[in-house]
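**Student:** The sequence and its predicted three-dimensional model are supplied below.
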Amino acid sequence: MTDEEIRQVVEPILRRHLGPYGFETAEVASGVDHDGDPAIFVSAKFRLGEPKLSAEAAISAMTDVWDAVPSGGDDRIPYVQHRFPETEVRR
């Protein structure tokens, strides 16, 4: 799958689980992980000033992404990273 095809698959999943916490968009980039294996890096970007992300929502989103990517025919491991506005990180 291309990065754009993966984005189209995972963005609705992320929106369903993370939308109440200010999820805005997803970016997908192919690469290699720490072991040198092919990987997919998904960055979930959030809006400023939204409620803090719950661990349950983050784990549910990650689990569904892990299930969706292989079912789409891609055997790379997806890594989901949460990106919050810089001003909130500094608090």
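**Tutor:** Now that the structure is in, tell me what you want to look at. Numbering: from 1, shown residues only.
**Student:** in this structure, what secondary structure element scores lowest on mean pLDDT?
**Tutor:** When the helices and strands of the chain are compared on mean pLDDT, DSSP states H and E, helix 86-89 comes out lowest with a mean of 62.
**Student:** before we move on, what SS does V65 have?
**Tutor:** helix (DSSP: H, G, I helix; E, B strand; the rest coil).
**Student:** OK, contacts around Y21?
**Tutor:** Y21 makes contact with F46, E50, P51, K52, L53, S54, A57, according to Cβ atoms under 8 Å, 6 or more residues apart in numbering. All C-beta spots, glycine's among them, are computed from the backbone N, C-alpha and C.
**Student:** which residues touch the first one?
**Tutor:** Neighbouring residues of F46 by Cβ under 8 Å, 6+ apart: L18, Y21, G22, F23, E24, L53, H82, R83, F84, P85.
**Student:** ok, so of these, who is nearest G31?
**Tutor:** For the contacts of F46, the closest approach to G31 (Cβ to Cβ) belongs to R83, at 15.9 Å.
**Student:** ok, the closest one touching R47?
**Tutor:** No: the criterion here is Cβ atoms under 8 Å, and R83 misses it with R47 at 11.0 Å.
**Student:** Mind checking which of the contacts of Y21 are in helices?
**Tutor:** The helices, defined by DSSP state H, take in A57 from the contacts of Y21.
**Student:** Determine the three-state secondary structure at the closest residue to V69 other than its chain neighbours.
**Tutor:** Using Cβ to Cβ, 6 or more residues apart in numbering and skipping residues adjacent in sequence, the residue nearest V69 is P78, 4.9 Å away. For P78, the secondary structure call by three-state DSSP comes out as strand.
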